[in-house]
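K.L.:
How does the following fold in three dimensions:
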Amino acid sequence: MPELPEVEVTRRSFADRIAGARIVAAVPGKPLRWPLGLRPEALVGREVRGVRRRGKYLLLDLSEGLLLVHLGMSGSLRFVGAEEAPLGPAGPHDHFDLQTTGGLLRLHDPRRFGAVVYVAGESDALARKLLDHLGMEPLDGGFTLAAFRSGLAASRTPVKQLLLGGSVVVGVGNIYASEVLFLSRIHPATPAREVGPRKAKALHEAIRAVLARAVELGGTTLRDFSSANGMAGHFQLQAKVYGRDGLPCSHCGSPIRLLRQGQRSTYYCARCQKESRHNQT
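P.N.:
Here you go, the predicted structure:
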């Protein structure tokens with residue numbers, strides 16, 4: 001699933017190119033998770049004023065209203081400028097085309113868990129339902145250590161599960177959760193409230209560092225992720241534990257282990273990441 005780094009890489013790869021363009025046509029394909037919310041032709045003539053991100057949602061600010069875009073489990077966006085060779089007709093897994101004076105934005109989603117939804121603004125009931133529960137943005141100044149520690153202290157959930165849930169901090173998906181817990185030397189099954197001050201500080205710093213590095217490297221491409229200009233990510237080449245079960249730990253040489261948590265794969269080093277009683281400091 002595209003996580004925060006992949007969504008942010010996608011945003012950066014087309015935001016400047018589509019800003020200021022006017023919508024010429026909006027063409028939905030097969031139905032996605034939610035309906036668009038208005039007649040597609042009603043978007044024609046509106047200006048795309050900018051592209052923001054909230055968690056794993058892309059927010060296209062229009063001269064009237066807002067488009068919320070989610071990539072789902074396997075979706076990706078492509079943007080081809082007006083001066084470039086066209087993408088060609090939409091295929092069976094292309095589910096939304098937004099043709100603008102600046103170029104074509106296309107949502108490709110083989111599993112159809114993605115979404116393109118129109119709302120009048122962020123105060124709209126549907127927008128609030130989708131966005132209001134999201135935690136802190138890890139790459140923003142609002143992601144403070146004090147607020148993060150408070151979120152950890154309020155939960156008995158295993159820390160890996162809490163990170164994936166997104167209620168405290170958004171965007172720490174499965175790959176990145178394994179990586180940040182390894183860097184901060186926290187066992188993934190440790191109850192969040194048992195992560196002590198020193199470990200919480202290390203985890204806070206690791207989240208910032210790992211996600212920023214992932215964005216810098218274009219995200220993670222395990223199967224089919226690419227940015228809106230077709231570029232694959234390379235963070236997976238620097239992963240310390242994810243996908244490395246049985247291989248030696250880069251820090252101590254012990255074999256990396258695989259643990260199943262909530263039907264998700266967690267990778268960790270049993271020597272470097274001790275059980276919860278060792279995370280009290």
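K.L.:
Helices of this structure, residue ranges please.
P.N.:
4-18, 125-131, 145-153, 159-165, 174-183, 197-216 (DSSP state H).
K.L.:
tell me which residues in the second one are buried?
P.N.:
When neighbours are counted by 16 or more other CB atoms under 10 Å, the buried residues of helix 125-131 are found to be A127, L130, L131. From N, CA and C alone the C-beta is placed, and that goes for glycine too.
K.L.:
list the helices and strands it packs on?
P.N.:
On a contact count with 3 or more CB pairs under 8 Å, 6 or more residues apart in numbering; DSSP states H and E, helix 125-131 meets strand 66-70, strand 115-119.
K.L.:
what distance separates the start and the end of stretch 104-122?
P.N.:
Counting by CA to CA, to the nearest Å, you get 25 Å between the two ends of stretch 104-122.
K.L.:
Give the buried residues for it.
P.N.:
104-110, 112, 114-119, 122.
K.L.:
quick one: which of the helices of the chain is nearest Y267?
P.N.:
Smallest distance to Y267 across the helices of the chain (CB to CB): 4.6 Å, for helix 174-183.
K.L.:
from the chain's centre, how far out does the closest one sit?
P.N.:
Offset of helix 174-183 from its chain centre (CA atoms, centre = their mean, to the nearest Å): 14 Å.
K.L.:
Can you work out which other helices and strands pack against it?
P.N.:
Judged by 3+ CB pairs under 8 Å, 6+ apart, helix 174-183 is in contact with helix 159-165, helix 197-216, strand 264-268.
K.L.:
Reformat these as CSV; add mean neighbour count, distance to A153 and mean pLDDT.
P.N.:
Conversion of the helices and strands packed on helix 174-183 to CSV gives the following (neighbours: other CB atoms under 10 Å; distance: least, CB to CB, whole Å; pLDDT from 0 to 100):
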stretch, mean neighbour count, distance to A153, mean pLDDT
helix 159-165, 23, 11, 96
helix 197-216, 19, 9, 95
strand 264-268, 20, 22, 94
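K.L.:
so the nearest residue to L105 once chain neighbours are set aside bridges to which residues?
P.N.:
Using CB to CB, 6 or more residues apart in numbering and skipping residues adjacent in sequence, the residue nearest L105 is L98, 4.3 Å away. For L98, the beta-bridge partners under DSSP bridges are A26, L105.
K.L.:
how far away is L98 from E83?
P.N.:
Distance, L98 to E83, using CB to CB, to the nearest Å: 17 Å.
K.L.:
More neighbours: these two, which one.
P.N.:
L98 (25 against 7; other CB atoms under 10 Å).
K.L.:
with the buried residues of stretch 104-122 in mind, which one is nearest to K30?
P.N.:
Of all the buried residues of stretch 104-122, K30 sits closest to R112, with 6.5 Å by CB to CB.
K.L.:
Wait, H108 touches P92, no?
P.N.:
No: judged on CB atoms under 8 Å, H108 makes no contact with P92 at a distance of 10.2 Å.
K.L.:
pLDDT on stretch 61-70, on average?
P.N.:
Regarding stretch 61-70, the rounded mean pLDDT is 98.
K.L.:
how long is that stretch end to end?
P.N.:
The first and last residues of stretch 61-70 sit 15 Å apart, counting by CA to CA.
K.L.:
List the buried residues in that stretch.
P.N.:
D61, L62, G65, L66, L67, L68, V69, H70.
K.L.:
now, which of those sits nearest G253?
P.N.:
H70 (41.0 Å).
K.L.:
does the closest one have beta-bridge partners, and which?
P.N.:
Residues in beta-bridge contact with H70 (DSSP bridges): Y57, A115.
K.L.:
Thank you, goodbye.
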